[in-house]
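Undergrad: next comes the sequence, and after it the predicted model I'd like to discuss.
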Amino acid sequence: MTYAAAPQKRALVASPAAAAQAAAETLADAYDWVAPEEADLIVALGGDGFMLQTLHAILERRKPPIPVFGMNLGTVGFLMNEWRHFDLEGRLARTKPFKVTALSMSATTIDGAVHTLPAINEVSMLRETRQTANLEVTVNDRVVLPELACDGILVATPAGSTAYNLSAQGPILPLGSALLALTPISPFRPRRWRGAILPDKARIVVRVLDPGKRPVSAVADQREVRDVASVEIAVDRSRELILLFDPEHALDDRITMEQFIA
């Protein structure tokens, strides 16, 4: 029995976009819904950005995670299913669940404050001014790059490897591969370093060299911490999420096929 086939209380959430709001009105009268905090399953209408907001709200609210079935009413919709208003009950009964494990970002600022945030797609570090960022990269307590001059660097999960990571020329990671992508953003020196693929057990620490002169921000998906001195990134196995997909629109297949899109 799938997550969606069991008896459930379902919640409907939608992005503020006009198309998503209109779709929500269509579904609101056709099915029975409860508030998100009472639900066993969430149907989310919008784009990938709204899906990330929904998943972060679940991370903050409860354990175990609530499965989410998204329908695309945004632009790319990589994490979403096709929008169709009919036969929702039948679609939910046939869904295929995928588990996604979040990253944990622990960012220490110049003034010593520590901010710990989850990330589903990626943790990225970005220069704040016109000056290049100078970063030291450590993996499992070993300094692997004493000085990386770049616009930034990111650590991406398999689910997030087709997002910002791919735009930065990082590798696509198959879902379930137990890997992370460590990808530089516009690297200057070392000139030939284009990133690394690491096991998801790796603990990555990025230290900002001269953070006062060359300030850097850290971003966990959509949440930013300014003026960081160092950032520690690792997979948080206590933070698993469940995405539901139509059998013909499965996330692992979509990630694989992205490698063949010109």
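TA: Ah, there it is.
Undergrad: would you state the helices of the stretch 151-262 of the chain in chain order?
TA: 164-167, 251-257 (DSSP state H, counting those that start in this stretch).
Undergrad: mind putting the ones you listed into CSV with distance to Thr101?
TA: In short, each C-beta sits where N, CA and C put it, glycine included. As requested, the helices of the stretch 151-262 of the chain are exported to CSV (distance: least, Cβ to Cβ, whole Å):
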stretch, distance to Thr101
helix 164-167, 16
helix 251-257, 13
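Undergrad: quick one, which of those helices gets closest to Ser186.
TA: helix 164-167 (11.3 Å; Cβ to Cβ).
Undergrad: figure out how far that closest one is from the centre of its chain.
TA: 12 Å (Cα atoms, centre = their mean, to the nearest Å).
Undergrad: that older thread, deepest-packed of the helices of the stretch 151-262 of the chain, please.
TA: helix 164-167 (a mean of 18; mean count of other Cβ atoms under 10 Å).
Undergrad: point out the other helices and strands that that one packs with.
TA: strand 122-127, strand 152-156 (3 or more Cβ pairs under 8 Å, 6 or more residues apart in numbering; DSSP states H and E).
Undergrad: what does that helix contact?
TA: Residues from elsewhere that reach helix 164-167 (Cβ atoms under 8 Å, 6 or more residues apart in numbering): 121-122, 124, 154, 156, 171-172, 181, 183, 258.
Undergrad: what about the longest strand in the protein?
TA: strand 228-245 (DSSP state E).
Undergrad: against Val43, how distant is the residue minimising distance to the centre of the chain?
TA: By Cα atoms, centre = their mean, the chain has its centre lying nearest to Asn121, at 2.0 Å. To Val43, Asn121 is 21 Å away according to Cβ to Cβ, to the nearest Å.
Undergrad: want to throw the helices and strands packed on helix 164-167 into TSV with distance to Leu135?
TA: Shown next, in TSV, are these (distance: least, Cβ to Cβ, whole Å):
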stretch	distance to Leu135
strand 122-127	7
strand 152-156	6
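Undergrad: deepest-packed of those strands, please.
TA: Taking mean count of other Cβ under 10 Å, strand 152-156 is the most buried of the helices and strands packed on helix 164-167, at a mean of 26.
Undergrad: hmm, who's touching it?
TA: 103, 121-127, 133, 135, 137, 163-165, 168, 170, 173, 180-186, 204, 206, 216, 233.
Undergrad: partners of that strand in the sheet?
TA: According to DSSP bridges, strand 152-156 forms sheet pairs with strand 122-127 (antiparallel), strand 179-185 (antiparallel).
Undergrad: dump these into a markdown table; add mean pLDDT as well.
TA: A markdown table is the format used below for these (pLDDT from 0 to 100):
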| stretch | mean pLDDT |
| --- | --- |
| strand 122-127 | 98 |
| strand 179-185 | 97 |
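Undergrad: identify whichever of those strands lies nearest to Gly74.
TA: Going by Cβ to Cβ, the one of the strands paired with strand 152-156 nearest Gly74 is strand 122-127, 18.7 Å.
Undergrad: so which elements touch whichever helix or strand comes after that closest one?
TA: Going down the chain from strand 122-127, the next helix or strand is strand 133-139, by DSSP states H and E. When contacts are defined as 3+ Cβ pairs under 8 Å, 6+ apart, strand 133-139 sits against strand 122-127, strand 142-150, strand 152-156, strand 204-208.
Undergrad: go again using 6 Å as the cut-off
TA: Packed against strand 133-139 by the contact rule (3 or more Cβ pairs under 6 Å, 6 or more residues apart in numbering; DSSP states H and E) you find strand 142-150, strand 204-208.
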